[in-house]
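A.B. asks: Based on what follows, work out the 3D shape:
(one chain, ligands or ions: 2)
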Amino acid sequence: MKTLPSVLIAAGALLGLSMLAWSQSGAPADPAAGTPQSFALLDPDNQVVGRYSIPPDSDILRHANAEEILYGKRLLNETARLLPDNVGGGLNCNSCHLSQGKTDHGANYFNTINSYPKVMPRAAAMVDMAGRVNGCFMRSMNGKPLPVDSAEMRAIIAYFTWLREDVPKALRVDTPSEGKIDTSLVPDPVRGKALYAAQCATCHGDDGEGMKDQFGDYIFPPLWGDESFNIGAGMARTYKAAAFVFYNMPMGVNHKLPIGQGGALTQQEAVDVAEYFTHMPRPDFAPKGNDWPKGNKPKDARY
Ligand code: HEC
Ligand code: HEC
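C.D. replies: Ligands and ions are numbered 1, 2, ... in the order given. You can find the predicted model right below:
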């Protein structure tokens with residue numbers, strides 16, 4: 001293996017990017033206590049070449065476009081309230097991308113800006129950054145796409161770019177956005193229903209309806225019904241939902257895992273409860289017929 005500094009200098013020279021921000025480790029950021037704040041950086045050969053630390057929000061202020069980044073952060077937090085024309089339900093981006101995508105195993109955005117454009121199997125085509133954001137607007141938010149050149153789209157992308165902390169495109173932060181789950185586990189929705197009542201309903205409601213504050217904003221987001229994500233969303237798929245639940249839910253209850261904020265359920269329980277709530281009534285996704293045009297539809301796809 002090459003020595004660390006030579007790899008850094010080579011990668012930096014190659015990509016013309018500042019090495020400063022990510023080679024110095026920042027202070028821990030604000031997400032839930034106990035989740036890791038710093039991760040190995042891997043090169044394309046999976047060699048460790050440095051570390052990435054989640055930047056604290058105060059770091060935003062040292063950037064010339066701080067205002068744009070902060071607007072992006074606000075949009076991720078208050079999506080339903082600020083973008084009513086684009087959000088069909090009541091969710092915010094943050095409802096799934098925990099703490100503005102800064103939570104390990106909580107649908108984080110650490111590698112996001114560096115991953116696009118890329119070919120997505122669902123589209124069987126190249127998808128760029130704005131296209132991927134709009135995928136979540138149309139599916140997870142059951143809404144409408146943002147114009148790609150709008151101030152809002154630019155702000156969201158500016159936030160992703162900031163979070164990357166100048167990590168060169170060729171390197172990867174070594175933690176998954178979604179955690180792994182055993183997809184050979186056979187779901188039992190009857191057990192899932194009982195688990196939901198025991199472990200989830202206190203926050204997400206007896207009928208999956210969530211809970212709003214006095215201003216009409218969700219404090220606990222809905223898991224099914226008209227205000228929730230539609231059947232085209234990744235979260236509508238049993239194993240994707242199970243992975244999210246296993247690592248992150250019930251929120252803040254029992255941190256048995258060294259990662260995420262969940263850990264109270266077994267993987268089997270997460271699969272059972274995910275099968276139950278993903279299959280409860282939720283909005284349709286009209287253009288669903290265009291998905292997986294070249295086949296390879298995953299076994300938990302809803303259509
Ligand atoms: C109901 C949950 C949910 C909501 C709400 C949601 N997303 Fe997602 N998002 C996901 C999941 C799950 C994935 C992982 C990929 C998939 O679809 O299988 C994802 C993936 C992404 C990705 C790709 C990340 C990467 O590194 O490849 C981006 C970007 C993204 N979402 C942005 C957003 C934005 C912006 C919003 C708000 C407008 C949003 N999401 C709302 C669940 C959600
Ligand atoms: C202590 C309250 C609490 C409990 C209990 C809880 N959750 Fe959550 N859950 C949350 C909060 C809060 C969010 C949104 C995160 C945010 O906005 O920062 C969330 C988000 C979610 C989401 C993604 C957003 C959406 O609406 O689809 C899913 C899926 C989810 N929870 C499933 C579950 C399941 C399944 C259980 C039971 C095993 C559970 N949760 C238990 C508080 C809770």
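A.B. asks: hang on, residue 164 packs against residue 116?
C.D. replies: No - distance between residue 164 and residue 116: 11.6 Å, which falls outside the contact criterion (C-beta atoms under 8 Å). (Each C-beta comes from the backbone N, C-alpha and C, glycine too.)
A.B. asks: who has more neighbours, the two?
C.D. replies: Residue environment comparison for residue 164 versus residue 116 gives the larger neighbour count to residue 164, 23 against 18, counting by other C-beta atoms under 10 Å.
A.B. asks: The spatially closest residue to the more buried one that is not a sequence neighbour: what secondary structure?
C.D. replies: For residue 164, ignoring the flanking residues on the chain, the nearest one in space by C-beta to C-beta, 6 or more residues apart in numbering is residue 113 at 4.9 Å. The local conformation at residue 113, judged by DSSP: H, G, I helix; E, B strand; the rest coil, is helix.
A.B. asks: From residue 131, how far out is residue 113?
C.D. replies: Using C-beta to C-beta, to the nearest Å, one obtains 13 Å as the distance from residue 113 to residue 131.
A.B. asks: quick one: common contacting residues for the two?
C.D. replies: With contacts defined as C-beta atoms under 8 Å, 6 or more residues apart in numbering, no residue is adjacent to both residue 113 and residue 131.
A.B. asks: And the residue nearest to residue 164, how far from ligand 1?
C.D. replies: The span separating residue 113 from ligand 1 equals 8 Å under the rule C-beta to the nearest ligand atom, to the nearest Å.
A.B. asks: Hmm, residue 165 and that residue touching each other?
C.D. replies: No - counting by C-beta under 8 Å, residue 165 is not a contact partner of residue 113; they are 10.3 Å apart.
A.B. asks: Please export the C-alpha coordinates of stretch 129-146 as PDB.
C.D. replies: What follows is stretch 129-146, C-alpha atoms only, in PDB (Å, rounded to 0.1, in the frame of the first residue of the first chain):
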ATOM      1  CA  MET A 129     -28.300  14.800  -8.700                       C
ATOM      2  CA  ALA A 130     -31.400  16.800  -9.300                       C
ATOM      3  CA  GLY A 131     -33.100  13.800 -10.800                       C
ATOM      4  CA  ARG A 132     -32.400  11.800  -7.700                       C
ATOM      5  CA  VAL A 133     -33.800  14.500  -5.400                       C
ATOM      6  CA  ASN A 134     -36.900  14.700  -7.500                       C
ATOM      7  CA  GLY A 135     -37.200  10.900  -7.300                       C
ATOM      8  CA  CYS A 136     -37.800  11.400  -3.500                       C
ATOM      9  CA  PHE A 137     -40.100  14.300  -4.100                       C
ATOM     10  CA  MET A 138     -42.300  12.200  -6.400                       C
ATOM     11  CA  ARG A 139     -42.300   9.000  -4.400                       C
ATOM     12  CA  SER A 140     -41.200   9.500  -0.800                       C
ATOM     13  CA  MET A 141     -43.000  12.800  -0.600                       C
ATOM     14  CA  ASN A 142     -45.800  11.800  -2.900                       C
ATOM     15  CA  GLY A 143     -45.400  15.200  -4.600                       C
ATOM     16  CA  LYS A 144     -44.200  17.000  -7.600                       C
ATOM     17  CA  PRO A 145     -40.600  17.500  -8.900                       C
ATOM     18  CA  LEU A 146     -38.800  20.800  -8.200                       C
END
